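**Student:** Could you look at this predicted model? Sequence included:
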Amino acid sequence: MAVAFAEVRVKKLVKLYGRTRALAGVSLTLPAGAVTVVEGPNGSGKSTLLHCLALLAKPTSGSIAFGTLDGRAHARQVRRHLGVLTHASMLYPDLTGRENLRFYAELHGVPTSRADELCARFEVGRFIDRAVRTYSRGQLQRVALARALVARPSLLLLDEPSTGLDTLGVQRLVEVVRAERDRGAVVVLVTHDDELSRQVADRRVLLRRGRLVFDGEGSVVAEGAAS
Amino acid sequence: MSLVRAAFVIAAKDLRIEARTREITLVTTFFAVLVVVLSSLSFYLDRNLAVRIAPGVLWVSVAFAGLLAVLRSWGREREHDAMRGLLLSPIPRGAIFFGKAIGNLLFLTVVELVLVPLVAVFFHLELDHLGTLALLLALGTFGFVAAGTLFGALGVRSNARDLSLSVVIFPLITPALLGGVVATRELFAGAPWVEIAGWVQILAAFDLVFFGAGWLLFDALLSD
Ligand SMILES: Nc1ncnc2c1ncn2[C@@H]1O[C@H](COP(=O)(O)OP(=O)(O)OP(=O)(O)O)[C@@H](O)[C@H]1O
Ligand SMILES: [Mg+2]
């Protein structure tokens, strides 16, 4: 499937939760074929930004354009091209990992063989045919990541994807992120892991209290992020 | 993906989980049986009285079993935030409602298949109008499941927990329960079809309203 969006454009995005200003006017253009790493302290609005991009949270004001599609008006069309990994795995504990992947493949209208393809790609072990309830933290994270890729997304949103992964797991993650980028996807990755950021970032942006305070090329940003 | 197809994929997923754990059907059936047995022990005096009590016992156990089933079924979407996975999928939001409703309907059907013969035995009913009783039960269960599935979803994303939800759900399903109880009472008392037909229409109207509301309101109910 060809990549659906040439870019994703976020304009003056504001998100209020009650009196909390999670996002205070973020504008950002995310090009296809590039990995944008979002950094920032706890509570700075990173996950909120991802939720808005995933159409899970409704912005208080501002807009998001997915290529030529408007997020609000064409939600279902946009969802077809989304891949999302959040803090939770979104897997059913009583089903096996493979069954979960097949289920989501069906909901996305892709053949269930896509699930087996992903299992092979992530080199999952025999655990994939056990109930998810029995998984270790890292096994859960791997399958959750595979789940995000089920639809061959044009916009891949990853919220702290390296959580719980071992060295090999992180290496696999880096390969996958690069492969998705090279396929032409818009990739947005939230992480506190500097090493991971260094390995995949084409661009790093820094959020603080819901505002974009830094935006730069992959390698330059470390100091900006630290200050 | 079409509404119908997506709904069936979601329902099939729920059936698969249930086939593996048996959690909902076993617990709710056990609960319903308990209600029937205890009521028969405490209320049974003579045959005449039994026939008059049976409709209430039947519907009370259906209602409580149904509530348990609906809440547990939504609880499965809450673990690991699976509901979010559904919301992220490119399917009509109504498909989530219908998918969950189909699953809940089947769970309750299993419970009722055990419940009806049991009530018949314990309360000495002659089930010579089994077709009509099945119709009343089906209509009442449809309405119950529609309302319960719609409002049970509130608990998945909000902080409202099961107990407070029951407080919301019960008043809403009262019309369906009342219709069901009264119509069943008339049926057991030997009323002719014309007298029951009015209740059937009311129950059917209630079902349409709640399935329609579920379809149309589900999206609004879930967005934050
Ligand atoms: N559903 C919600 N209701 C109320 N407040 C919320 C909600 N979600 C987020 N917030 C608040 O919005 C702010 C931004 O939260 P967010 O989750 O985006 O931070 P984050 O940058 O992802 O932090 P972390 O690094 O800890 O994951 C925080 O102050 C948080 O408490
Ligand atoms: Mg976060």
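**Tutor:** That came through, no problem. Numbers count the residues shown, from 1 in each chain, chains lettered A, B, ... in the order given. Ligands and ions are numbered 1, 2, ... in the order given.

**Student:** mind listing what's buried in stretch B:103-121?
**Tutor:** B:103-108, B:110-112, B:114-116, B:118-120 (16 or more other Cβ atoms under 10 Å in any protein chain shown). All C-beta spots, glycine's among them, are computed from the backbone N, C-alpha and C.

**Student:** Get me the contact residues on chain A for chain B.
**Tutor:** A:54-58, A:76-77, A:79-80, A:82, A:84, A:86, A:88-95, A:99, A:103-104, A:106-109, A:131-132, A:147, A:151 (Cβ under 8 Å from any Cβ of the partner chain).

**Student:** try 6 Å
**Tutor:** Taking Cβ under 6 Å from any Cβ of the partner chain as the criterion, chain A approaches chain B at residues A:58, A:76, A:79-80, A:84, A:88-94, A:103, A:106-107, A:109.

**Student:** from these, which would you call buried?
**Tutor:** Buried, going by 16+ other Cβ under 10 Å: A:79-80, A:84, A:88-94, A:103, A:106-107, A:109, out of the residues of chain A next to chain B.

**Student:** which among the residues you listed gets closest to A:Thr191?
**Tutor:** Checking these against A:Thr191 with Cβ to Cβ, the nearest one is A:Val84 at 15.2 Å.

**Student:** Pull the residues that contact whatever helix or strand the closest one lives in.
**Tutor:** Per DSSP states H and E: A:Val84 is located in strand A:82-85. Contact with strand A:82-85 is made by A:Ala54, A:Ala144, A:Leu145, A:Ala148, A:Leu149, A:Pro153, A:Leu155, A:Leu156, A:Leu157, A:Leu158, A:Pro161, B:Leu88, as judged by Cβ atoms under 6 Å, 6 or more residues apart in numbering or on different chains.

**Student:** and that strand, which strands flank it?
**Tutor:** Using DSSP bridges, strand A:82-85 pairs in its sheet with strand A:155-159 (parallel).

**Student:** Domain boundaries for chain A, per the record?
**Tutor:** A:1-81+A:153-227, A:89-152 (automatic domain parsing).

**Student:** Comparing those, which yields the minimum mean pLDDT?
**Tutor:** With a mean of 90, domain A:1-81+A:153-227 has the lowest mean pLDDT of those.

**Student:** Tell me how far that domain lies from the chain's centre.
**Tutor:** Centroid separation between domain A:1-81+A:153-227 and its chain, computed with Cα atoms, centre = their mean, to the nearest Å, is 7 Å.

**Student:** Check the residue lying closest to B:Phe188 once chain neighbours are set aside and give its pLDDT.
**Tutor:** Excluding its sequence neighbours, the residue lying closest to B:Phe188 (Cβ to Cβ, 6 or more residues apart in numbering or on different chains) is B:Val51, at 5.1 Å. With respect to pLDDT, B:Val51 scores 87.

**Student:** Same question for B:Gly131.
**Tutor:** Reading off the model, B:Gly131 has pLDDT 93.

**Student:** how many other residues sit next to it?
**Tutor:** Counted with other Cβ atoms under 10 Å in any protein chain shown, residues neighbouring B:Gly131 total 9.

**Student:** So it, which state does it fall into?
**Tutor:** Three-state call for B:Gly131 (DSSP: H, G, I helix; E, B strand; the rest coil): helix.

**Student:** roughly how far apart are it and B:Ile196?
**Tutor:** From B:Gly131 across to B:Ile196, the span is 11 Å (Cβ to Cβ, to the nearest Å).

**Student:** And the next helix or strand past the strand holding A:Val84?
**Tutor:** Following strand A:82-85 toward the C-terminus (DSSP H and E): helix A:97-107.

**Student:** Do a quick rundown of the helices in the chain.
**Tutor:** Since you didn't name a chain, this refers to chain A. Assigned by DSSP state H, the helices in chain A fall at A:46-53, A:75-79, A:97-107, A:113-121, A:137-148, A:167-183, A:194-200, A:222-226.

**Student:** wait, chain B
**Tutor:** B:3-21, B:23-43, B:47-78, B:82-88, B:93-122, B:130-152, B:154-157, B:162-188, B:193-222.

**Student:** for chain B, which spans come out with low pLDDT?
**Tutor:** B:44, B:158-163, B:223-224 (pLDDT under 70).

**Student:** Let me see the contact set for B:Gly85.
**Tutor:** Listed by Cβ under 6 Å, 6+ apart, the contact partners of B:Gly85 are A:Met90.

**Student:** quick one on the thing from earlier: just say which of the domains of chain A is most tucked in.
**Tutor:** Ranked by mean neighbour count, these are led by domain A:89-152 with a mean of 20 (mean count of other Cβ atoms under 10 Å in any protein chain shown).

**Student:** Give me the most central residue, chain A.
**Tutor:** Geometric centre of chain A, nearest residue: A:Leu157, 1.6 Å, by Cα atoms, centre = their mean.
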